[in-house]
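A.B. asks: this is the structure alone, sequence omitted:
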Ligand code: AHR
């Protein structure tokens, strides 16, 4: 990271202007941006998605069926498609998650589809018919990706399958029409043109639901699964990585895997799962106090250290860093009890707190763009950290959705380095006093358009911010948007869908700086032209 750029706090000078409270104190902030030397391109895939055959995610969330009264395109919920297009969803990971390592792709093709066991069946409420109907298979998934304009990212079965089954699936997807019998079969099932799936996950959580393996065991299987990979298109192969939210960050997995890959072709991507995992706590999704607000955010930003630690570890084996991170599951995961309906397991209400967490997470991703090839929120609809909740003909965008919409401008732009202040905000979290960066920020530039995103996690204090452009660069046509609400627990519901949504926000141009006041508990987007 470029040390010449920084986010500087000027605490003493502004003490009088800021409301102090029991929980926090924040100072004015100055963000200095040096535009002449932009950093890495922020992969659009960082703003990616994940949908799994789990609870109400696929069936109802995405797939309503061709004969449904709910507005649909070939059985796919139309509103889901429209809103995913609106945020430019760059990719979709499917079919799991844990489901992937029990999934056999042939069950999901052709006219007659079997009912099969679903990994999540045992977690479903008693009396629920939780078998997998296989109505949504690879053709339906590819149709969804085409409708959205998203790149497919398919997680293959390593836990209960064979390399042959994997390779046949790849050939079924990617072999040109008229070549293999598998390509003819695909054509007979409605898709003459190859799917050209590039992103393949080689298993999922192989240390857990994907096979409870040791890293050396998984490394052996990874090599078996990929050595004879039918490369009709240049693949991007993703190996199972650590459970980043483990107490120790799970560095041992990364060390073990790369040690056992010495001398072999390294993967293109290394999966990291990072959940802000509140399941062992009493913290609720919808109703919480200030300490619980800060606890969630503090646990969320640990992600930055986890990424840095694993990056350093991988560097011992791969100093050129050929392998990039694929953070293919991230989100705030609350304990069960607040589901949309009991059978929509893992679904939870999403509040302003989760939107703030989303802003903090995206700023981390943007600031580490050179390390990250892709990230996928878990999961897009009716699940953990969802952008949408859907139930029959009801559908609502959560506050997290709007953060995706606001950060869209960073996709594919060049990172402008920004450094967070170290210990600005003194907060009280569950474990007592703690420090949280007073503001989080990231910035990018695309041609002459500068985008700066800022999150103010404070429940008490608005923060006057100056974004200063170094080396005499000038700004014009500055625009701002802010997502906030007076109530920290604010959310969008089927009956009040527009409670939390972004609104235009004033940004002044003062010489070579942009000035605004970030309201408490808010995510902000500033855009301007550089003259
Ligand atoms: O996203 C829910 C589950 O969390 C996924 O299936 C699994 O990979 C992870 O443990």
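C.D. replies: Great, that's in hand. Here the structure is a predicted model, which means the values were calculated and not measured.
A.B. asks: what's in contact with the helix or strand that residue 407 is a member of?
C.D. replies: According to DSSP states H and E, residue 407 maps onto helix 399-407. Outside helix 399-407, the residues that touch it by CB atoms under 8 Å, 6 or more residues apart in numbering are 47, 83, 86-87, 350-352, 354-355, 358-359, 362, 366, 377, 385-388, 453, 481, 483, 490-492, 500-502, 523, 525. Placement of C-beta: from N, CA and C, glycine included.
A.B. asks: distance between it and the chain's centre?
C.D. replies: 11 Å (CA atoms, centre = their mean, to the nearest Å).
A.B. asks: show me the contacts of helix 399-407 that map onto helices.
C.D. replies: In helices, defined here by DSSP state H, the members of the contacts of helix 399-407 are 83, 86, 352, 354-355, 358-359, 362, 366.
A.B. asks: just the buried members of these?
C.D. replies: 83, 352, 354-355, 358-359, 362, 366 (16 or more other CB atoms under 10 Å).
A.B. asks: between those, which sits nearest the ligand?
C.D. replies: residue 354 (15.0 Å; CB to the nearest ligand atom).
A.B. asks: list the contacts for that closest one?
C.D. replies: Taking CB under 8 Å, 6+ apart, we find residue 354 in contact with 285, 296, 332, 385, 398-400.
A.B. asks: returning to what we had before: ok, then the element right after the helix holding residue 407?
C.D. replies: Assigned by DSSP H and E, the successor of helix 399-407 is strand 414-416.
A.B. asks: quick one: list the elements packing against that next one.
C.D. replies: Judged by 3 or more CB pairs under 8 Å, 6 or more residues apart in numbering; DSSP states H and E, strand 414-416 is in contact with strand 440-446.
A.B. asks: partner strands of the helix or strand where residue 528 lies, parallel or antiparallel?
C.D. replies: For residue 528, the host element (DSSP H and E) is strand 522-530. Sheet pairing of strand 522-530 (DSSP bridges) gives strand 449-456 (antiparallel), strand 475-484 (antiparallel).
A.B. asks: may I see the buried residues of it?
C.D. replies: 522-528, 530.
A.B. asks: contacts only, for the spatially closest residue to residue 221 that is not a sequence neighbour.
C.D. replies: Nearest non-adjacent residue to residue 221, counting by CB to CB, 6 or more residues apart in numbering: residue 158, 5.6 Å away. Contacts for residue 158 (CB under 8 Å, 6+ apart) come out as 101, 166, 202-203, 206, 210-211, 218, 221-222, 225, 240.
A.B. asks: count the residues that sit near residue 341.
C.D. replies: By the measure other CB atoms under 10 Å, the count of residues near residue 341 is 13.
A.B. asks: my guess is it meets residue 389, correct?
C.D. replies: No. Using CB atoms under 8 Å, residue 341 makes no contact with residue 389, being 10.3 Å away.
A.B. asks: what's the overlap in contacts for the two?
C.D. replies: Joint contacts of residue 341 and residue 389 (CB under 8 Å, 6+ apart) are residue 347.
A.B. asks: what about stretch 105-124, how long is it end to end?
C.D. replies: 23 Å (CA to CA, to the nearest Å).
A.B. asks: and that stretch, which residues are buried?
C.D. replies: Neighbour count says stretch 105-124 has 105-106, 108-109, 113, 116, 118-120, 124 buried, by 16+ other CB under 10 Å.
A.B. asks: hang on, residue 329 in a strand?
C.D. replies: Yes. Using DSSP: H, G, I helix; E, B strand; the rest coil, the assignment for residue 329 is a strand.
A.B. asks: check what pLDDT it gets.
C.D. replies: Residue 329 carries a pLDDT score of 98 in this model.
A.B. asks: residues touching it, list them.
C.D. replies: Counted by CB under 8 Å, 6+ apart, residue 329 has contacts 50, 97, 271, 273-275, 376, 378.
A.B. asks: and those residues, which two are furthest apart?
C.D. replies: 97 and 274 (14.7 Å; CB to CB).
A.B. asks: looking at these two, which one has more neighbours?
C.D. replies: Taking other CB under 10 Å, residue 97 and residue 274 do not tie; residue 97 has more neighbours (30 against 26).
A.B. asks: neighbours of the residue nearest to the more buried one when sequence neighbours are not counted, how many?
C.D. replies: The spatial neighbour of residue 97 that comes closest, neighbours along the chain excluded (CB to CB, 6+ apart), is residue 52 at 3.8 Å. As a burial measure, residue 52 scores 27 neighbours (other CB under 10 Å).
A.B. asks: that's a strand at residue 52, yeah?
C.D. replies: No. Secondary structure assignment (three-state DSSP) places residue 52 in coil, not in a strand.
A.B. asks: check the gap between it and the ligand for me.
C.D. replies: According to CB to the nearest ligand atom, to the nearest Å, residue 52 stands 5 Å off from the ligand.
A.B. asks: contacting residues for that residue?
C.D. replies: With CB under 8 Å, 6+ apart, residue 52 has these contacts: 58, 94-100, 379, 383.
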